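*Asks:* my questions are about this predicted structure, shown below with the sequence.
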Amino acid sequence: MGLHKISKIVALVLGVAGVLLWGMLMIKGDKAVIASGGEGLDSFLYVAYLTFALLLITVVVFVVKGILGGDVKKTLMSVGSFLLIFVISYVMADGVESFTKDGELVTAQASRYIGAGLYTFYILSVVAVVAMAFSGVKKLTKR
């Protein structure tokens with residue numbers, strides 16, 4: 001049996017379990033779940049944890065398989081360029097200690113990481129748009 005069929009069967013089983021647990025929660029109602037201290041949520045969360053763990057293991061296995069089976073040099077160059085963009089974003093970001101709407105403190109370091117993540121997103125978005133435009137122009141000029 002192929003890995004694709006196995007993953008489809010596992011996904012179906014977990015999906016059915018999730019739907020059944022969701023149905024049980026809907027039948028009980030919000031007040032019954034709150035009154036029971038969230039006991040009905042435990043089994044629902046276990047299915048979610050199991051699904052997440054299986055997904056994470058599958059992704060890691062296929063990423064490692066792809067890296068080892070493909071061109072390692074290109075992979076390392078891609079990872080290195082992503083890290084370079086993140087370092088540039090981190091240097092550009094400024095960390096300012098502030099408070100949330102709830103009154104919780106956001107440290108300067110956390111603020112700097114958030115800013116770095118936003119700058120990384122902006123830079124990668126611009127790179128993606130430029131790459132798509134370049135690809136479109138290249139296709140038009142080839143004809």
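*Replies:* Here it is on my side, so go on. Note that the coordinates shown come from a computational prediction; the quantities given were computed from them, not determined experimentally.
*Asks:* which positions in the longest helix along the chain come out as buried?
*Replies:* Counting residues, the longest helix found in the chain (DSSP state H) is helix 108-142. Buried residues in helix 108-142, counting neighbours by 16 or more other CB atoms under 10 Å, are found at Ser111, Arg112, Gly115, Ala116, Tyr119, Thr120. C-beta: built from backbone N, CA, C; applies to glycine.
*Asks:* next one: that helix to chain centre, how far?
*Replies:* The chain centre lies 18 Å from the centre of helix 108-142; the measure is CA atoms, centre = their mean, to the nearest Å.
*Asks:* can you report phi and psi for Val96?
*Replies:* Per-residue torsions, Val96: phi -120, psi 130 (degrees, to the nearest 10).
*Asks:* gap between it and Asp102?
*Replies:* Counting by CB to CB, to the nearest Å, the gap from Val96 to Asp102 is 18 Å.
*Asks:* ok, Ser7 next?
*Replies:* With CB to CB as the criterion, Ser7 and Asp102 are 41 Å apart.
*Asks:* okay, these two: which has more neighbours?
*Replies:* In terms of neighbours (other CB atoms under 10 Å), Ser7 is the more surrounded of Ser7 and Asp102; the figures are 13 against 5.
*Asks:* can you pull the contacts of the more buried one?
*Replies:* Applying CB atoms under 8 Å, 6 or more residues apart in numbering to Ser7 gives the contacts Thr58.
*Asks:* buried residues in the helix or strand hosting it?
*Replies:* Secondary structure assignment for Ser7, by DSSP states H and E: helix 3-28. Judged by neighbour count (16+ other CB under 10 Å), helix 3-28 contains these buried residues: Leu14, Ala17, Leu21, Leu25.
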